[in-house]
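S.K.: Sequence plus the predicted model coming up.
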Amino acid sequence: MGNKKLKMGMIGGGPGSFIGGIHRNAAALDGLIELTAGTFSSQPEKSIQMGKELHLQQDRIYADYDELLEKESLLPEEERIDFVCIITPNHLHLDPAVKALKRGFHVVLDKPMTLNLDEARELDKVIGESGLLFCLTHTYTGYPMVKEAKQLVSRGVLGEIRKIYVEYPQGWLWKKVEDEDNKQAAWRTDPSKSGIAGSMADIGVHAFNLAEYVSGLKITRLCADLNRTVAGRQLDDDGSVLLKFDNGATGVLIASQVATGADNNLTIKVFGDKAGLEWQQEDPNQLRVMYPEQPRQIYRAGANVPYLSSLARENFRTPAGHPEGFIEAFANHYRNFARCLKAKKDGVDPKAEWLDFPGAEDGLRGMAFLHYVVESDKSQTKWTDFRV
């Protein structure tokens, strides 16, 4: 595999964007990727300011993404960026992603995939036609112990899956902070920028993705109840969804950004006819496995732990007892994406474990989830078929 770092261009992630720093740190963590070019804000002066703070060359800081994609595509292959990372608000996902792919650049895109389901279908088609790599940063499936949970389910340790509970409580929108010069809250609660959903688009889609990833099952029907808890808010800030899966299992998904005092304890519980498991983001290095009439087992994270699967071990950086967290989980998606891209450039097959990062299907199903959740919430029939 070639030793040169992959060159990344960034669209978005400028001043005031906490997730921009997360992406940059995650991409740089393993020494496989370097930030080479970028346009970081819809305001050119802020983009230039950000680029200077990141010590980019002046001629690789661009006023907008059209300029970035055009000028980078004209550079010699050994100089231009290999892929773009897009971390703009939802309404600015489709256009730069499509234009990047059509100019031959691979894409890493923040979730959710697009503004609506029709756009997701359009982007999915372009990705398929391009033959290029696409990664959607559903962070939480990057945690090694989430990957271990997936492997336990797939190996039949839990038996036939019967029940799945997934919840994501946050409290940061407990009052109308979008009216307090809070940029992140403002666009996430604005239908023109966030789309048809608020908390479901921001965190509910993560819970949905986690449920399907760990269980290996697909949702076939759902019944949703969405709430606008804070007066005057345009989009949902709280919701619950009943789920039916393709094997007959049932589930419950809860996503709330008005769970006052809560941080980010995304939690999943999966129960089969032999055993159950539970994982919480606030204790991400521990996976609890529960058997009937036996003491529960605690799986602990760490490199070279012999009882863990290769999928989990491939995504550790530190020995057991040294915690890894959110940025490392994010970095696992970047590392796997980079390894696959390097393999593609070298004309070799990637390891199977490297292919385990979210892609176009995850994005398309996530947007379908949001579409049918809102449709169900508005319906008097309630139970709504899930189709992609």
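M.R.: Received it, and whenever you're ready, just let me know what you need.
S.K.: List the buried residues for stretch 79-90?
M.R.: Buried residues in stretch 79-90, counted by 16 or more other C-beta atoms under 10 Å: Arg80, Ile81, Asp82, Phe83, Val84, Cys85, Ile86, Ile87, Thr88, Pro89, Asn90. Heads up, the C-betas are built off the backbone N, CA and C, glycines and all.
S.K.: if I look at the residue most central in space within the chain, how far off is Leu109?
M.R.: Residue closest to the average C-alpha location in the chain (C-alpha atoms, centre = their mean): His138, at 1.4 Å. Distance from His138 to Leu109, counting by C-beta to C-beta, to the nearest Å: 10 Å.
S.K.: try Arg155
M.R.: As judged by C-beta to C-beta, Arg155 and Leu109 stand 31 Å apart.
S.K.: do Leu235 as well
M.R.: Leu235 sits 21 Å away from Leu109, taking C-beta to C-beta as the criterion.
S.K.: quick one: contacts for the residue nearest to the centre of the chain?
M.R.: For His138, the contact set (C-beta atoms under 8 Å, 6 or more residues apart in numbering) comprises Lys111, His206, Asn209, Leu210, Tyr213, His333, Pro358, Asp362, Gly366.
S.K.: ok, now with 6 Å
M.R.: Counting by C-beta atoms under 6 Å, 6 or more residues apart in numbering, His138 makes contact with Lys111, Asn209, Pro358.
S.K.: Those residues in helices, which ones?
M.R.: Judged by DSSP state H, the subset of these located in helices is Asn209.
S.K.: related to what we said a few turns ago, could you export the buried residues of stretch 79-90 as CSV, including distance to Arg103?
M.R.: As requested, the buried residues of stretch 79-90 are exported to CSV (distance: C-beta to C-beta, whole Å):
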residue, distance to Arg103
Arg80, 10
Ile81, 10
Asp82, 12
Phe83, 11
Val84, 9
Cys85, 15
Ile86, 13
Ile87, 19
Thr88, 17
Pro89, 22
Asn90, 22
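S.K.: Tell me which of the residues you listed fall in strands.
M.R.: Phe83, Val84, Cys85, Ile86, Ile87 (DSSP state E).
S.K.: can you map out the helices along the stretch 251-388 of the chain?
M.R.: Ranges of helices in the stretch 251-388 of the chain, per DSSP state H, counting those that start in this stretch, are 310-313, 326-346, 360-378.
S.K.: And the strands in this structure?
M.R.: Counting by DSSP E, the strands of the chain are 6-12, 33-39, 83-87, 106-109, 134-136, 161-169, 219-227, 238-245, 250-256, 267-272, 276-280, 286-290, 297-300, 384-385.
S.K.: got the contact list for the fifth one?
M.R.: In this structure, residues lying in contact with strand 134-136 by C-beta under 6 Å, 6+ apart are 107-109, 111, 127, 333, 337, 357-360, 362-363.
S.K.: In contact with Gly51, which residues?
M.R.: Counting by C-beta under 6 Å, 6+ apart, Gly51 touches Gly38, Ile61.
S.K.: Which one's more surrounded, Leu235 and Leu109?
M.R.: Leu109 (28 against 21; other C-beta atoms under 10 Å).
S.K.: Grab the nearest non-local neighbour of that one.
M.R.: Ile86 (4.9 Å; C-beta to C-beta, 6 or more residues apart in numbering).
S.K.: same deal with Val388?
M.R.: Ala368 (4.8 Å).
S.K.: Just give me how far stretch 225-245 sits from the chain centre.
M.R.: The gap between where stretch 225-245 is centred and where its chain is centred comes out at 20 Å by C-alpha atoms, centre = their mean, to the nearest Å.
S.K.: Any buried residues in that stretch, and which?
M.R.: In stretch 225-245, counting by 16+ other C-beta under 10 Å, buried: 226, 228-230, 233, 235-245.
S.K.: Likewise for stretch 192-205?
M.R.: In terms of neighbour count (16+ other C-beta under 10 Å), stretch 192-205 has its buried residues at Ser194, Gly195, Ile196, Ala197, Gly198, Ser199, Met200, Ala201, Asp202, Ile203, Gly204, Val205.
S.K.: List of residues touching that stretch?
M.R.: The contact list for stretch 192-205 (C-beta under 6 Å, 6+ apart) reads 89-91, 112, 115-116, 168, 187-189, 235-237, 239, 255, 257, 366, 370, 373-374.
S.K.: Buried ones among the residues you listed?
M.R.: The neighbour count (16+ other C-beta under 10 Å) marks 89-91, 112, 115-116, 168, 187-189, 235-237, 239, 255, 257, 366, 370, 373-374 as buried among the contacts of stretch 192-205.
S.K.: Distance from stretch 57-65 to the middle of the chain?
M.R.: With C-alpha atoms, centre = their mean, you get 27 Å for stretch 57-65.
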